[in-house]
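# Attaching a predicted model along with its sequence, questions to come.
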Amino acid sequence: MAEASTIRAENYLAPETLVQLSPFELRAKMIVEGVMSGMHRSPYQGMAVEFAQHRQYVPGDDLKHLDWKVYGRSDKLVIKQYQQETNLDIILMIDASASMNYGSLTVKANWGGTKASGRINRWTKFDHATATATAISYLCLHQQDRVGVCVYADEVKTLLKRSSAKGQWRRIIKSLNTHPVESGTDLEKVTSQILGKITNRALFIFISDFFEDAETIRKSLARFRHRRHDVVMLQTLDRQEMRFAFNQPSPFEGLEGEGKLRVDPRALRKSYLEAINRHNKLIERNALSFGFDYQRLDTHDSVGPALTHLLARRNAFIKRSKFG
Amino acid sequence: MTFVTAGLAMAGLISIGLPILIHLLSRQRRKPIEWGAMRFLLEAFRKHQRRLQIEHLLLLLLRCLIIALIGFALARPLLEDTDLFNVGGSRAVFLVIDDGLASNVTSEQQETALERHVNDAIELIRTLDLGDTVGLVTCARPARGVLTPPSSDHNSVIAMLEELKPRQSPTDVSGALTLLRQAVEDMDDRYDEVLVYLLSEFRTGSAPMSSPLPDTLKDVGRSLTLLASPPASDPINNTQILSLRPVRSVVLPGVLDGSGQIMVRLGRSGGTLGPAITQVRLTGDGIENVKPKTVEWAPGQSEAGVEFSLDFAVSGDRSIGLTASIDNDSLGADNTRFTVLELRDQIRVLVVDRRSFGFQPTIDRMPAGLWIRRALEPSEESPIEVVNVEPTALDVVDLRSADAVVLSRPDLLPDGSWGMLRTFVDGGGLLFVCPPGEINVHPWVERMSDDLDLPWRIMLEVREHDEGLALATDQPASELLRMISSDLDELALPIQAIRSLPIDPDQSQFLAALMFEDGTPFLAIGTPGVKLDSNDDNASTQVETISNGMVIYLAVAPELSWTTLPSKPLMVPLFQETIRQGLSLAHSSQQLHVGTQSALAQGSTVRDLIDPEGEMYPIDAQGRPQQPLALSGLYELLDQGAQNVGSLAVNVEPLAGRTQTQNATAINSWLADSGEWQLYDPEDLGATLSRTRSGSSLAGILLWILMFLVLLETLLARWFSHAFRIDEGEERFGSGLRATIAGVVKTGKAGAS
C-alpha cells in the first residue's frame, strides 16, 4: 500500500480545531530539565530572566548577585535568585493494540485514513488517537517544545525521537498513519521499555482506550510518578462502546483474540455498561491519585473541544499552584 | 379426551417444530461484529449466562405451547362431565332418509318426497352446533350407510344430501335400522346423546304394515332419541304395472298350446280411486303392430288385467325382451315392466331309466320310464325330444344339453350324480323324480333331500293302499298345472294309487300341485335352498337364493303296479304340462328385482351384466352381480368373451310403489317394534334438538388458556428482550457537537443496528 501518497494531514487536523486550541498553551505542571530556553520552569536557578526569590548571603557567593537595594533599605545581605525557563519534552504514547481498531462511525470510501481504518471505512479509535496526537504535537511544536512519539501495543513498536524541528509534525503523522494496529496490550512491558529510554523529566501523554487491567495501569502510572514524569491520560472510546446500543442478537468477535460470543446485546447491555463504567472510573481515579490529568475522548466528537477543556483545566490548576 | 378433528391436533403438535426451527436457524444468520471492548462483554455474559439461557428456554417453551394449544383448540377436544366454557356440542345426529321407490312420488307442487326430506334434513343440520356430528343412512334396498361414522363437517353432509336421488328399489327400513345400530355401536363414548331422524312419508310402499320391524334399536346400550317424520296425509294416486307374465316363459313357436299369451296386471293405489282409463302398450324385439289395450277403471277398482296374444311364427332358439308400459303418472318407475321370453324349437328331456332289452313288456309290466317316454313323446311331431340315459351313464355333457331330467330310477344313480343334478337344477334346469317301482325300501330319498337341499322328508318304505288311494276332489290351484286346471278335477277323479312313497306333510315344506285325498302330496314342487314360510301358504321365503331351477316329485311310480295313472287320460297332459310349464316357471324365476343381487340362472357362464344405461355389473364366482342392480329394464348378459348370451328382465317390486297414506297411529305402532319412536313436528324441526348435553367441548377452556399464554408471552418477550431507549442524558461525551474532522462523514447511524 502506498501509504505516503494517501497521507493527508488535514484529515486529522481540522482548521477549527486549530482555532479552538490556539489560545491555549500546554504547560508542564512540574519543573522540567530542558536544554533550550522556553516557557517552562527549569530546575536550574541563576541569572535567568524571571526573578524567583531572595536568600541569605553566605560567604563565597558571587557579590554581583547581591541585592543592593535590599541592603540599602534593611541593612541585610541577600542574594537575588532567578527562575530559569526551559523547553518541555513531550512524549505521545499512542496505543496501537487491536482493540483500538474498533470504530462505529462511517467515513467516505477511499478517505485515506490510517492503515487500519482504510480497510473498514470506519473512524476508529486509533484514527481518533492519531488526530488527537496530531493536534497536541502541533500545539507543542508551536511553543518550541520537543515532541516524540511512542507507538505501543504489547511492546514499544515505534519510538520517534524527540524534536522541535518543523518537519517533526509530518514525521509524526506519517508514523501514525502507516502503523499497523493488531497486537494485544502489555503496558507493564511498555512502561519498562520507555522509562529505560527516557531519562529526563518529560510529559507523557497516553492516548489509549485503556482496555487493560486497572491494577496494571496503576502500577505503570506509579512508575512514571516515581521518575517524576508528568502524565496526561486521554482515554479514547467509541460512542458505541459506551452505549452498547445493539438491538439484534449477534455474534461478537473480540479484536484481541478473545474469541467469538453469541449474545443478545439487549439482555447484557446493563451489565456491560456497569462493567465498562466501573473500569473507566477506576482508571480516572488512578490518574487523579497520582496528580495526573485524565480526559475521556469520544470518537464521534471532534478533538478540539475535549482538548481545550483539558488544557483550560490544566492551566487553571497550574495558575492556582505555586508554579503558576 | 377426544377430538372432533384429530388431524388439527396432530398438526398443532407437529407445528411445535416451527419455533424450534426458527430458533435454530436464527443462530446461523448474522455476520460477527468485531468488538474491542470484549473483556467487559465477557464479564457481563459470564454474570448472566445462566439467567439468559433460562429466559430463552422459557420463551421457546411458551411459544411451542401456544402453537400446540392453537392446534388443540382448533381440533375441538371434547371433555366429559363438565359444562364449563361450553362452546360446542357433542351430539350425534343420524339422518335415516327414505330414498326408496315411493319417495319418488311427485306432489302437486312438483316436488318429490325425497326432495322434501332432503330440505328438512338440511334445515335441521343448519340448526346444529359446530361440535355436533351428523351421520347419514339411506333406506332404499340395500340400505346404505352413506356417512358412518358421523362427521362434524356439516357442509359435506349437506352436499351429500343434495346428491341423493330416489332409487327404484323398495324402502328397507329394517335394513337401514340395522346399519344404524351398527353405526351407533361403533361410535366412541364421547357421544352421550344420539338423535335419530327417520324421514319418510310412510306410504304403503315405504312402510308395509305386513312386515313388522325387528327390535333393532332396543337395548343399544346408549341413550337414543328416535324421531320420525309424520306420515304423509295427501293422497297421491299411482297406477302401476303389477306383473307382465307370459303363459309360458319358454315358447315353442308353431305349437298351439296358448303359449303366445301375455298377461299384464295393473294396480291402482292412493286416495280416492275414481273412474279412469289406462292404455297398456306392449313392445319387444321383433314384435310389431301390437295393438294397445285399454283398461277402463271402475270407481274403487284397484286391480285390472289385460291379455295380449302374440304369434311367434319364426322358428329358432332365441330370447326376446318384452316391455309393457302405461302412461306416466306420479311415480314413473313402475309404469314399465319387463320380461324375457325364450323361444325354443324343441325341449330336450333326459329320461334316466334302465334300458330294457329283449321283448316288449306287457302293459301291466311296463316300467315307469317307458310310460313317461310315451307320455312326453306321444307322436313324431312332439316338440319334446326324449333321450334315454342309463342311470350309471349320466354325465355332465348329457345334462348340459338337456332342459329337463326325468329320474325314474333314482335308486340306481351313482354317488356323484346327485351333485351333478344339483348343479343342473341350480342352473335353471327342471328335475322330475318319481320312485322306482321295483323296490319297497327307498334309501335314496335321504340322499336326494340332502344333496338337493330340499326340505322334504320322504317315507323310506312304500305305503300300500289295498283299497286304492284316490286324489283329492279339491286340488290346490297350482301354477304348474294352470293350463289344465279347468279339467283337472275331472282328470284326477279316476286316478287311484295302490302303492305310494309320499312326502311326510308334517315334517316337510313343499308346494303341492296335486294332492291325495289323505292330504299327502301326489305331485310336489320344490326349489333347492328355498323354504316355505309356514305362516303363509301362498308365499315363500327365500332363505338363500342359489338355485333357479325346480324339483318336481311324483309320489308314485308311473307304473300300473303302483297307480292307475299311466292308463288314465291325465297321464299325457300331466307330464307334458309338468315339463313345459315347469320349465317356464323355472325360467320365469330369473326375473330379478331392482336392489337385489340374486344369482343368475346362467350361473358362472355369464361374466357381466349391462344395464339399460350401459352400466356394467361384473358377476362373481357364485353367479351373482357384484353390486345390487340399480335400474329396472332389460339387461344384456355377456359371457367370458363379451358375447351377448341373452337378456335378463329386472323390474321394480310392485309393492314398493304403493302410495296409500297411512295414519300416524298405525305408523307409530309399526315403528314401536324397533324402538321408542316419536313423531316430530316438521314445522319446528329445530325444537327437537335437545339442549342437554353431558359431553362438552374443551376448546373454550383451551382458548382462555391460549389467550393468557399469548399475553404472558407478550409480557415475557418484552421483559426478556431488555429493550432500551437512549435518551439525551446518555450523551455524556463532549457537548454533542458534530464531528468536524475533515473527511469524516456520518453516513449512517453509529454501530451495527
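Received, thanks. Since this is a predicted model, take the numbers as computed values, not measurements.
# Show me the residue at the heart of chain B, geometrically.
For chain B, the residue nearest the mean C-alpha position is B:P142 (2.2 Å; Cα atoms, centre = their mean).
# Double-check that it belongs to a strand.
No. Under DSSP: H, G, I helix; E, B strand; the rest coil, B:P142 sits outside any strand and is assigned coil.
# Now do the contacts for it.
B:S169, B:D172, B:G175, B:G595, B:Q597, B:P628 (Cβ atoms under 8 Å, 6 or more residues apart in numbering or on different chains). C-betas here are computed from N, CA, C, even on glycine.
# What is the neighbour count of B:P625?
When neighbours are defined as other Cβ atoms under 10 Å in any protein chain shown, B:P625 has 24 of them.
# isn't it right next to B:L609, touching?
Yes. Using Cβ atoms under 8 Å, B:P625 is in contact with B:L609, at 5.8 Å.
# what residues do the two have in common as contacts?
Taking Cβ under 8 Å, 6+ apart as the criterion, B:P625 and B:L609 both touch B:L600, B:Y617, B:I619.
# Let me have the residues you listed in JSON lines, extended by distance to chain A.
Converted to JSON lines, the shared contacts of B:P625 and B:L609 look like this (distance: Cβ to the nearest Cβ, whole Å):
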{"residue": "B:L600", "distance to chain A": "78"}
{"residue": "B:Y617", "distance to chain A": "70"}
{"residue": "B:I619", "distance to chain A": "73"}
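# Filter those residues down to the buried ones and hand me the PyMOL line.
To isolate the buried subset of the shared contacts of B:P625 and B:L609 in PyMOL, counting by 16 or more other Cβ atoms under 10 Å in any protein chain shown, use the following:
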select buried, chain B and resi 600+617+619
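# can you tell me the distance between the two ends of stretch A:173-187?
For stretch A:173-187, the separation between the terminal residues is 23 Å (Cα to Cα, to the nearest Å).
# What are the buried residues along it?
Result for stretch A:173-187 [16+ other Cβ under 10 Å]: buried residues A:I173, A:S175, A:L176, A:N177, A:T178, A:H179, A:V181, A:E182, A:S183, A:T185, A:D186, A:L187.
# Next, format those residues as a markdown table and append distance to chain B and pLDDT.
As requested, these are exported to a markdown table (distance: Cβ to the nearest Cβ, whole Å; pLDDT from 0 to 100):
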| residue | distance to chain B | pLDDT |
| --- | --- | --- |
| A:I173 | 13 | 84 |
| A:S175 | 19 | 85 |
| A:L176 | 14 | 85 |
| A:N177 | 13 | 80 |
| A:T178 | 17 | 77 |
| A:H179 | 17 | 80 |
| A:V181 | 10 | 82 |
| A:E182 | 12 | 82 |
| A:S183 | 13 | 83 |
| A:T185 | 11 | 88 |
| A:D186 | 15 | 91 |
| A:L187 | 14 | 92 |
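# ok, which pair from those residues is furthest apart?
A:I173 and A:D186 (25.8 Å; Cβ to Cβ).
# Over to B:V405: give its phi and psi.
Geometry field for B:V405 lists phi and psi as phi -130, psi 130, criterion degrees, to the nearest 10.
# With adjacent residues omitted, what lies nearest to it?
Spatially, and ignoring its direct neighbours in sequence, B:V405 is nearest to B:L350 (4.7 Å; Cβ to Cβ, 6 or more residues apart in numbering or on different chains).
# got a list of contacts for the host helix or strand of that neighbour?
For B:L350, the host element (DSSP states H and E) is strand B:347-352. Contacts of strand B:347-352 from elsewhere in the structure, counted by Cβ under 8 Å, 6+ apart, are B:250, B:252, B:369, B:372-373, B:376, B:383-391, B:394, B:398-399, B:401-410, B:413, B:579-580, B:583.
# which other residues reach stretch B:495-506?
Residues from elsewhere that reach stretch B:495-506 (Cβ under 8 Å, 6+ apart): B:435, B:442, B:445, B:456-459, B:461-466, B:468-471, B:510, B:516, B:519-522, B:524, B:553, B:555-557, B:561-565, B:568, B:570.
# could you flag which of these are buried?
Listed as buried from these are B:435, B:442, B:445, B:456-459, B:462, B:465, B:469-471, B:510, B:516, B:520-522, B:524, B:553, B:555-557, B:562-565, B:568, B:570; burial here means 16+ other Cβ under 10 Å.
# Just the ones in helices from those residues, please.
B:V445 (DSSP state H).
# how far away is the nearest residue to B:G369 once chain neighbours are set aside from chain A?
Nearest-residue entry for B:G369: B:D353, 2.8 Å, with adjacent residues in sequence omitted and distances by Cβ to Cβ, 6+ apart. For B:D353, the distance to chain A equals 107 Å [Cβ to the nearest Cβ, to the nearest Å].
# Run through the residues that contact the residue nearest the centre of chain A.
The centre of chain A sits closest to A:I205, judged by Cα atoms, centre = their mean, with a distance of 1.8 Å. Residues in contact with A:I205 (Cβ under 8 Å, 6+ apart) are A:I90, A:I91, A:L92, A:M93, A:A133, A:I136, A:V231, A:V232, A:L234.
# what mean pLDDT would you report for the helix or strand hosting the last one?
Assignment of secondary structure by DSSP H and E places A:L234 within strand A:230-237. Over the span of strand A:230-237, the pLDDT mean works out to 94.
# Just checking: what are the partner strands of that strand?
Next to strand A:230-237 in the sheet, as set by DSSP bridges, lie strand A:203-208 (parallel), strand A:293-298 (parallel).
# Give me the contacts around that strand.
For strand A:230-237, contacts defined as Cβ under 8 Å, 6+ apart pick out A:28-30, A:95, A:100, A:125, A:128-129, A:132, A:201-210, A:221, A:224-225, A:280, A:283-284, A:287, A:290, A:292-299, A:310, A:314, B:733.
# Please identify which helix or strand holds the closest residue to chain A within the stretch 451-600 of chain B.
Residue nearest to chain A within the stretch 451-600 of chain B: B:Q597 (70.8 Å; Cβ to the nearest Cβ). Using DSSP H and E, B:Q597 maps to neither a helix nor a strand.
# For it, the count of nearby residues, please.
If you count neighbours by other Cβ under 10 Å, B:Q597 ends up with 16.
# repeat for B:L164
When neighbours are counted by other Cβ under 10 Å, B:L164 registers 19.
# So it is in contact with B:T138, correct?
Yes. Between B:L164 and B:T138 there is a contact under Cβ under 8 Å: 6.8 Å.
# Next, show the common contact partners of the two.
B:I97, B:D99.
# pretty sure the residue nearest to B:G369 is touching B:V405, no?
No. Assessed by Cβ under 8 Å, B:D353 is found out of contact with B:V405, at 11.0 Å.
# Next one, pLDDT for A:L63 please.
At A:L63, the model reports a pLDDT of 85.
# meant to ask about B:T2, not that
For B:T2, the model assigns a pLDDT of 61.
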